[in-house]
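Q: below is the sequence, then the predicted model.
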Amino acid sequence: MPIKNPIQAVKTIEDLKDKVNHNFFTVLKKEKYQELRPSQIKAINAGLFEKKNLLVCTPTGSGKTFIAELAALNSIYSKEGKAIYIVPLKSLATEKYQLFTEKYPEKKIALSIGDTDSSDSYLETYDLIITTSEKLDSLIRHHAPWLKYVKVVIIDEIHLLNEQDRGPTLEIVITILRHVLKNIQLIGLSATIGNPKELAAWLDATLVEDSWRPVKLYHGTYLDGKIEFYE
């Protein structure tokens with residue numbers, strides 16, 4: 001069921017004190033921005049901390065990554081299990097790896113985007129694994145034993161399910177994970193999806209939508225050095 005106008009049970013990071021692990025909350029209090037964005041409030045109200053599957057469809061810059069971060073790191077700090085963060089490109093994987101290693105130096109975070117002919121058994125000792133769908137597909141096929149410890153799976157740019165090249169692999173990975181790991185929490189992230197309700201139903205997820213963006217978007221026409229904006 002889409003979440004459009006939830007009751008705002010939380011507004012700031014301080015309001016998360018009784019919702020997340022104590023040690024994780026200590027880290028969150030150091031965040032530069034303490035006020036939660038609309039999409040983050042909606043995600044929390046939709047069951048982010050109750051292990052609900054969510055499909056988050058909000059504009060670029062609206063705070064989707066932080067929603068994923070809340071789910072993944074709370075699970076890790078609570079010692080409930082590992083988290084996997086799936087991205088479509090190696091460059092994006094490297095970017096996320098740098099982000100999380102800087103914010104959480106005390107946690108073991110791995111970047112797994114290399115050899116697709118290995119089970120990467122060393123990953124058993126890591127908390128958060130950032131990877132691509134192709135690499136994760138390989139890990140599954142090589143029966144990586146540590147996969148059974150995964151509790152949260154983030155799928156960034158999930159709209160790429162519709163892409164001819166990467167889509168089928170991503171669909172297979174999600175399907176297998178849901179079949180093998182019965183109690184995982186799936187968080188799908190996307191700025192734009194043509195059929196969000198259908199995708200949410202397939203994921204057995206609650207749809208979280210919001211139009212808020214950090215910078216207002218204007219539409220207009222450029223002609224002869226002038227821009228005429230629409231009302």
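A: It's in. Numbers count the residues shown, from 1 in each chain.
Q: what about the strands in the chain?
A: For the chain, applying DSSP state E gives strands covering 54-57, 82-87, 109-112, 128-132, 150-155, 185-190, 206-209, 220-223, 226-229.
Q: quick one: those as a markdown table, columns for distance to Leu99 and mean neighbour count too.
A: Where C-beta positions appear, they are placed from N, C-alpha and C, glycine not excepted. Below are these laid out as a markdown table (distance: least, Cβ to Cβ, whole Å; neighbours: other Cβ atoms under 10 Å):
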| stretch | distance to Leu99 | mean neighbour count |
| --- | --- | --- |
| strand 54-57 | 18 | 26 |
| strand 82-87 | 10 | 25 |
| strand 109-112 | 10 | 20 |
| strand 128-132 | 9 | 25 |
| strand 150-155 | 13 | 23 |
| strand 185-190 | 14 | 25 |
| strand 206-209 | 22 | 23 |
| strand 220-223 | 34 | 9 |
| strand 226-229 | 34 | 8 |
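Q: mind putting those into a markdown table with mean pLDDT and distance to Thr175?
A: As requested, those are exported to a markdown table (pLDDT from 0 to 100; distance: least, Cβ to Cβ, whole Å):
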| stretch | mean pLDDT | distance to Thr175 |
| --- | --- | --- |
| strand 54-57 | 97 | 16 |
| strand 82-87 | 97 | 13 |
| strand 109-112 | 95 | 20 |
| strand 128-132 | 97 | 17 |
| strand 150-155 | 98 | 12 |
| strand 185-190 | 97 | 11 |
| strand 206-209 | 96 | 20 |
| strand 220-223 | 82 | 43 |
| strand 226-229 | 79 | 45 |
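Q: can you add distance to Leu73 and give those strands back as CSV?
A: Shown next, in CSV, are the strands of the chain (distance: least, Cβ to Cβ, whole Å):
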stretch, distance to Leu73
strand 54-57, 16
strand 82-87, 7
strand 109-112, 10
strand 128-132, 8
strand 150-155, 9
strand 185-190, 12
strand 206-209, 19
strand 220-223, 41
strand 226-229, 41
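Q: now do the nearest residue to Pro196 once chain neighbours are set aside against Thr169, distance only.
A: Sequence neighbours aside, Cys57 is the residue nearest to Pro196 in space, at 5.0 Å (criterion: Cβ to Cβ, 6 or more residues apart in numbering). Applying Cβ to Cβ, to the nearest Å, one obtains 22 Å for the distance of Cys57 from Thr169.
Q: tell me the bridge partners for the residue nearest to Pro196.
A: Ser190, Glu209 (DSSP bridges).
Q: quick check: it touching Thr192?
A: Yes. Contact criterion Cβ atoms under 8 Å: Cys57 and Thr192 qualify, at 7.2 Å.
Q: mind listing what's buried in stretch 34-49?
A: 36-49 (16 or more other Cβ atoms under 10 Å).
Q: so what's Glu102 scoring on pLDDT?
A: According to the predicted model, the pLDDT of Glu102 comes to 95.
Q: burial measure for it, as a count.
A: 9 (other Cβ atoms under 10 Å).
Q: Provide a list of residues in contact with it.
A: If you count contacts by Cβ atoms under 8 Å, 6 or more residues apart in numbering, Glu102 has none.
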